[in-house]
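Chemist: The sequence and its predicted three-dimensional model are supplied below.
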Amino acid sequence: MFRYGDVPGMDAGGCDPAAVMHIALELPGGDMIMASDAPKDRVERIQGFYQVLSPDSVAEVERVFATLSDGGIVEMPVQATFWSEAFAMFTDRFGTPWMLVGPGPSTG
């Protein structure tokens, strides 16, 4: 992770020096989420879509849900649906909407 204030020789360009310039979060299985903080004059409310993650197990859906939904708004807690053994919808504490889609339904 790099913060704007940590990059040598770079003017933060009006960004908070404590704001994140670049972060890469490695997920189990090798997937990666990359992100950065937007300058204050470019911050907008996220709307009209969800970020979707598809963990490989019900336990991983529950773990990710507990972590990302903490301090947020839960629309649908983790539960079985006709398309997934573990599905959830929520908005995290930063206002980012998420869906978690676990493994498909058991056929037993």
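Modeler: It's in.
Chemist: Break down this protein into its strands, ranges please.
Modeler: For the chain, applying DSSP state E gives strands covering 2-3, 20-26, 32-35, 51-53, 73-79, 87-91, 97-101.
Chemist: and those as TSV, adding mean neighbour count?
Modeler: Backbone N, C-alpha and C define where each C-beta goes, glycine included. Output for those, formatted as TSV (neighbours: other C-beta atoms under 10 Å):
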stretch	mean neighbour count
strand 2-3	15
strand 20-26	13
strand 32-35	10
strand 51-53	14
strand 73-79	13
strand 87-91	20
strand 97-101	19
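Chemist: want to throw the ones you listed into TSV with mean pLDDT?
Modeler: Listed next are those as TSV, based on pLDDT from 0 to 100:
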stretch	mean pLDDT
strand 2-3	84
strand 20-26	86
strand 32-35	84
strand 51-53	90
strand 73-79	97
strand 87-91	97
strand 97-101	95
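Chemist: For E44, find the nearest of these.
Modeler: The minimum distance between E44 and those falls on strand 97-101, with 13.6 Å, by C-beta to C-beta.
Chemist: what comes into contact with the closest one?
Modeler: Applying C-beta atoms under 8 Å, 6 or more residues apart in numbering, the contact partners of strand 97-101 are 46-47, 49-55, 61, 64-65, 68-69, 78, 83-84, 86-92.
Chemist: Export it to PDB, keeping only CA atoms.
Modeler: Extracted as PDB, the C-alpha positions of strand 97-101 are listed here (Å, rounded to 0.1, in the frame of the first residue of the first chain):
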ATOM      1  CA  PRO A  97     -22.600  -2.000  -2.200                       C
ATOM      2  CA  TRP A  98     -21.600  -5.700  -2.300                       C
ATOM      3  CA  MET A  99     -23.100  -9.100  -3.200                       C
ATOM      4  CA  LEU A 100     -21.500 -12.400  -2.100                       C
ATOM      5  CA  VAL A 101     -22.300 -15.400  -4.200                       C
END
